[in-house]
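Participant: what's the 3D shape of this:
(chains A and B)
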Amino acid sequence: MERPAHELPKNWSLENAGDGRLLLNMGPSHPAMHGIVRILLSVEGERIKDADVEIGYLHRGFEKTCENVTYNQVIPYTDRLNYVSPFINNVGYALAVEKLMGIETPERCKYARVIMSELSRLTDHLTCLGASAMELGAFTVYFYLINAREDLYRLTDAVAGGRITPAWSRVGGITRDLPDTFAADTAAVFKKVRANIADADRLLTRNPIFNGRLRGTGKISREDAVSLAFTGPVLRASGVPYDVRKASPYLVYDRFSFDIPVGDAGDNYDRYLVRLEEMRQSMRIVEQALKQIPAGPVNHPGYGVTLPPKEEVYGNIEALMAHFKLTYEGVKPPAGEVYQAVEGGNGELGFYLVSDGTGRPWRLRVRPPCFTLTAGLGRLIKGGYIADIIASFGQINMIGGELER
Amino acid sequence: MTLPIPDFILLNKGPLVFLGVSFLKVCVVFGAVMGFAALLTLAERKVSALMQDRVGPNRASVFGFALGGLFHPAADGLKLIFKEDFVPRWGDKFLFTLAPLLALFPVLLLFAALPFGNYIDIAGLRINLQIADFNLGVLFILAVSSLAIYGAFLSGWASRNNFALLGSLRAAAQMISYEVALGLTLVGVLMVYGTASLQDIAQAQGELLFGWLPAWGIVYQPFAFLLFLAAAQAENKRTPFDVVEGESEIIGYFLEYSSMRFASFMFSEFIEIIVISMLAATLFFGGWQVPYLQASGFVFPWGTEIPLNHYLVVLLQVGSISVKTVFFSWLLLVIRWTVPRFRFDQVMTLCWKGLLPLALLNILVTGVLIWWLA
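Facilitator: This next block holds a predicted model:
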């Protein structure tokens, strides 16, 4: 039986496709492509001559869905954006709505949000480094890092009641305050996280095989990284010290002293080092925040923003009405539009929100950091070996949830 | 030192005796190897679990007893037997079926040349504890192990899958390259002992240097041992040299295989671990020799003698090679779970620009030393 000729994909954009080079269809069903990205390669031996990255296998219509629910009902959906750092999404979205309403949350809430965001950054980077090490064959490191992440999940679980989908933040506040033992628990968990990161550091950072795989691969220059709108660790590894937490501080980030690690080569190895250092800086921030955090309420006192306390709902008519209106119609920001960016695990996570004055967003657009990174993936892998795709793809930390929404 | 016992003495007793004894030896070795390989699949999972803060497999149980996962090899085998036996539609069915056999057969054949003891006197026969005493045992090993390339290459070719084809290309290039390096690392040992028969090499390692140091290969050729370990690990296609499989890159040459066909690839890999461990033990760590154990019993350098029963001596010798094999298998597992994977071009660079010149240098230094000492 003769095999039928290749049928080329419709939206195909490879150069010199017909000149007899081997065409490789990598993904979406491929162990390293997370099941949702497809890379069409034309290879010469093991060298990649051209690559076409195709996304869209996990599109869920997040933005459209958000137009049909109230502002607070969007929060659980944001968990599913970057599911390894859900708190950052929660907080970023809540900040966008608060900015639109022109309100500020109490101090304690801001600190709590910073703490949970940084814990999320830790889980994000642990997952990224662990998974990319695993894809390079260092399976043991994966478990060291994932065990650390597990401890952090238990910590955040105790706060929010959910491991990867906490739905913790609310417009104008948070669902639950930090538990009393939180500071002590965090110190204990950080001790273990530091030990596990040190283990991974010793196994990888100076390992000649690991160095050989990451150094010089997936390289991108400073200018190219900026023009491709890269953000986050990938951009910083190229030598641009851009971090939303420093560039336009939100919450109370301007009150902590922390460093922004910056690489210079712009290769995968620098991305690895930047992430490794960022985890240490995140722990620094959390420790400072736990020292500074004031006592007090965590929710905005306004009746039109957060649900009033139950005693007041039963005790006075204004609170009862606010409760009713908030439950049925949700918060109603004035008509207008805002853009609020936070530093996500992968870079600038932006929420562009348009309100028409009703209880539902008229339009919510998310700027996911790994969208631009995945868009630039073709440039990172071109000219390299097939095996380098794994290193580069691991280090840009593509998260399907936020990439395709 | 006892002289090696050629098999033709047995042949003098009649061809039936010779065949019967040989058949018995084959059965014993085959059973032991298959059993150990099955346990090795469990060991791989348990060792990795220990290294990774996990519990490891412990679910398969018989009447509620899991025995630390001891039933998992059997459960895995059963599961694989009942999987769909898939043949790709556009593949070459004949070669596709042939490839797993070609992968498994040579590695099993290798045990013919590996001695697992000195000799045993039983029922008036003196039986050499080696299936076949080749006087070119080392060359036999190299020759037969290079046949395994066909299994790896044909599987990818016959699957008609681009990823499998890439895996095959890598396999062919890598195995042929490391074959050369592996052969050259062994030349030093051959020069030192002046023989290519593995039984003779094992015998020679029973002597004592300076009256107290066992004359093991590692003493003469420590550098060659390290080179051998690297080359053998690469020949075995396991991490850090598992670019052929590269489970997260190209999934490997057996991408299209399922069921027992896949199992035979996996199994041949585990059997190869045993071969490498046994070879390392035989060439560099005295093989079946126990330090200071002679045919009559222990003779210590300070004069103490402990006479031992012949069967006890045989048992100790077989136990010695078994313990050494288990140790090196464990070492290979630990290496596999510690380091990441090379890239394909780096593997080739390491072979041609690293191991090969070093092996040649080792030969040169060995030659000069032998000439100088002689």
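Participant: can you pull the pLDDT of the closest residue to chain A within the stretch 51-200 of chain B?
Facilitator: The nearest approach of the stretch 51-200 of chain B to chain A comes at B:Q52, 3.7 Å away (C-beta to the nearest C-beta). C-beta: built from backbone N, CA, C; applies to glycine. According to the prediction, B:Q52 has pLDDT 87.
Participant: ok, it touching B:T338?
Facilitator: No: using C-beta atoms under 8 Å, B:Q52 is not in contact with B:T338, being 10.7 Å away.
Participant: identify the contacts common to those two.
Facilitator: Residues touching both B:Q52 and B:T338 (C-beta atoms under 8 Å, 6 or more residues apart in numbering or on different chains): A:T140.
Participant: which strand residues bridge the closest residue to B:H310 other than its chain neighbours?
Facilitator: Nearest residue to B:H310, sequence neighbours excluded (C-beta to C-beta, 6 or more residues apart in numbering or on different chains): B:D121, at 6.1 Å. Beta-bridge pairing for B:D121 (DSSP bridges): B:R126.
Participant: per-residue pLDDT of B:D121, please?
Facilitator: As predicted, B:D121 sits at a pLDDT of 79.
Participant: and for A:D19?
Facilitator: Looking at A:D19, the pLDDT reads 65.
Participant: the residue nearest to B:H310 - how many residues pack around it?
Facilitator: As a burial measure, B:D121 scores 12 neighbours (other C-beta atoms under 10 Å in any protein chain shown).
Participant: then B:W372?
Facilitator: That count, for B:W372 with other C-beta under 10 Å as the rule, works out to 7.
Participant: report the separation between it and chain A.
Facilitator: Look at B:W372 and chain A: by C-beta to the nearest C-beta, to the nearest Å, they are 35 Å apart.
Participant: which residues touch the residue of chain A found nearest chain B?
Facilitator: The nearest approach of chain A to chain B comes at A:G137, 3.1 Å away (C-beta to the nearest C-beta). Counting by C-beta under 8 Å, 6+ apart, A:G137 touches B:239-240, B:242, B:248, B:339-341.
Participant: 10 Å instead?
Facilitator: By C-beta atoms under 10 Å, 6 or more residues apart in numbering or on different chains, the contact list for A:G137 reads A:209-210, A:213, A:390, B:238-243, B:245-249, B:336-337, B:339-342.
Participant: SS state for it?
Facilitator: Secondary structure, DSSP: H, G, I helix; E, B strand; the rest coil: A:G137 is coil.
Participant: which ones are touching A:C128?
Facilitator: So A:C128 contacts A:84-85, A:145, A:233, A:271-272, A:275, A:345-346, A:394-399 (C-beta under 10 Å, 6+ apart).
Participant: tell me where chain B has helices.
Facilitator: Per DSSP state H, chain B carries helices over the ranges B:8-12, B:15-51, B:72-81, B:93-109, B:137-159, B:162-193, B:198-204, B:217-220, B:222-235, B:259-284, B:310-336, B:344-349, B:356-373.
Participant: lowest average confidence across those helices, which one?
Facilitator: helix B:8-12 (a mean of 62).
Participant: tell me the centre residue of the chain?
Facilitator: Going with chain A. In chain A, the centroid-proximal residue (C-alpha atoms, centre = their mean) is A:G345; its distance is 3.8 Å.
Participant: think we crossed wires, I meant chain B
Facilitator: The centroid of chain B falls nearest to B:V275 when counting by C-alpha atoms, centre = their mean (0.9 Å).
Participant: do I have it right that that residue meets B:A112?
Facilitator: No: the criterion here is C-beta atoms under 10 Å, and B:V275 misses it with B:A112 at 11.1 Å.
Participant: quickly list what's touching both of those two.
Facilitator: Joint contacts of B:V275 and B:A112 (C-beta under 10 Å, 6+ apart) are B:141, B:144.
Participant: could you check how far the residue nearest to the centre of chain B is from chain A?
Facilitator: Separation of B:V275 from chain A (C-beta to the nearest C-beta): 23 Å.
Participant: just give the closest residue to that residue, not the sequence neighbours.
Facilitator: Closest residue to B:V275 apart from its sequence neighbours, by C-beta to C-beta, 6+ apart: B:L110 at 5.0 Å.
Participant: OK, contacts around that neighbour?
Facilitator: Applying C-beta under 10 Å, 6+ apart, we find B:L110 in contact with B:33, B:140-145, B:147-148, B:271-272, B:274-276, B:278-279.
Participant: before we move on, the earlier item: residues contacting the residue nearest to B:H310?
Facilitator: For B:D121, the contact set (C-beta under 10 Å, 6+ apart) comprises B:5, B:127, B:310-311, B:314.
Participant: A:R154 too?
Facilitator: A:R154 sits next to A:163, A:185, A:189 when contact means C-beta under 10 Å, 6+ apart.
Participant: select from these the one having the most neighbours.
Facilitator: Counting neighbours by other C-beta under 10 Å, the top entry in the contacts of A:R154 is A:V189, with 21 neighbours.
Participant: next, the contact list for it, please.
Facilitator: By C-beta under 10 Å, 6+ apart, A:V189 lies in contact with A:119, A:122, A:148, A:150-156, A:283.
Participant: re the thing from before, the helices of chain B: which one's closest to A:I39?
Facilitator: When the helices of chain B are compared by C-beta to C-beta, helix B:162-193 sits nearest A:I39, at 12.7 Å.
Participant: and the closest one with helix B:356-373, angle?
Facilitator: Interaxial angle of helix B:162-193 relative to helix B:356-373 (axes from the mean of the first three to the mean of the last three C-alpha atoms, to 10 degrees): 10 degrees.
Participant: would helix B:162-193 count as contacting chain A?
Facilitator: Yes: using C-beta under 10 Å from any C-beta of the partner chain, helix B:162-193 reaches chain A at B:162-163, B:165-166, B:169-170.
Participant: thanks again, I'm all set now.
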